[in-house]
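In: Sequence first, then the predicted structure:
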Amino acid sequence: MALKFRTIDGSQNNLEDPSINQANTDFVRVGPANFADGIDAMQPGPNAREISNIVAANNPDTHLDVNGVALSGMMYAWGQFIDHDLDLEKGGTNTADISIPVPAGDTLPAGTIIPLSRVGD
């Protein structure tokens, strides 16, 4: 079925499978899940706040660009993607605390915790 415009609920956006990622369905994975415990534990890695500060910074030492285009100005789009992935996913019954500790040298006081939780099934 060829539509002139995309549907508001996301249905019919994939011609192979019109129900993929439509409203009120689970997101389709493009790769296997990669949890530390095989179920829902986060993988260890660098501090998310440090990564965010580096990527969003706009000074000569940390300014990131690709072919002269500043990435800092594009971070709103990435933020929306992450926000929608965390906040708008189909709710599960288990909640995991993945709060982010603020590192030393941040604009927030070191040791502050940025509260964040993840909902899973």
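Out: Thanks, I have the structure now. Just so it is clear, the model here is predicted, and its values are computed rather than measured.
In: So the most centrally placed residue in the chain: helix, strand or coil?
Out: Among the residues of the chain, the one closest to the centroid is Ile82, at 2.4 Å (CA atoms, centre = their mean). For Ile82, the assignment made with DSSP: H, G, I helix; E, B strand; the rest coil gives helix.
In: Asp37 too?
Out: Under three-state DSSP, Asp37 comes out as coil.
In: In terms of pLDDT, where does it sit?
Out: Per-residue pLDDT puts Asp37 at 88.
In: cool, and Asn47?
Out: 90.
In: what sits against it?
Out: Ile100, Pro101, Pro103 (CB atoms under 8 Å, 6 or more residues apart in numbering). Just so you know, the C-beta spots here come from the backbone N, C-alpha and C atoms, and that holds for glycine as well.
In: With secondary structure, pLDDT and neighbour count as new columns, can those be given to me in a markdown table?
Out: What follows is the contacts of Asn47, written out as a markdown table (DSSP: H, G, I helix; E, B strand; the rest coil; pLDDT from 0 to 100; neighbours: other CB atoms under 10 Å):
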| residue | secondary structure | pLDDT | neighbour count |
| --- | --- | --- | --- |
| Ile100 | strand | 91 | 15 |
| Pro101 | strand | 93 | 13 |
| Pro103 | coil | 91 | 16 |
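In: Which of these sits closest to Thr112?
Out: Pro101 (7.7 Å; CB to CB).
In: for the residue nearest to that closest one when sequence neighbours are not counted, what are its contacts?
Out: Distance criterion CB to CB, 6 or more residues apart in numbering; nearest residue to Pro101, sequence neighbours excluded, is Ile113 at 5.8 Å. Ile113 is in contact with Ser99, Ile100, Pro101, Val102, counting by CB under 8 Å, 6+ apart.
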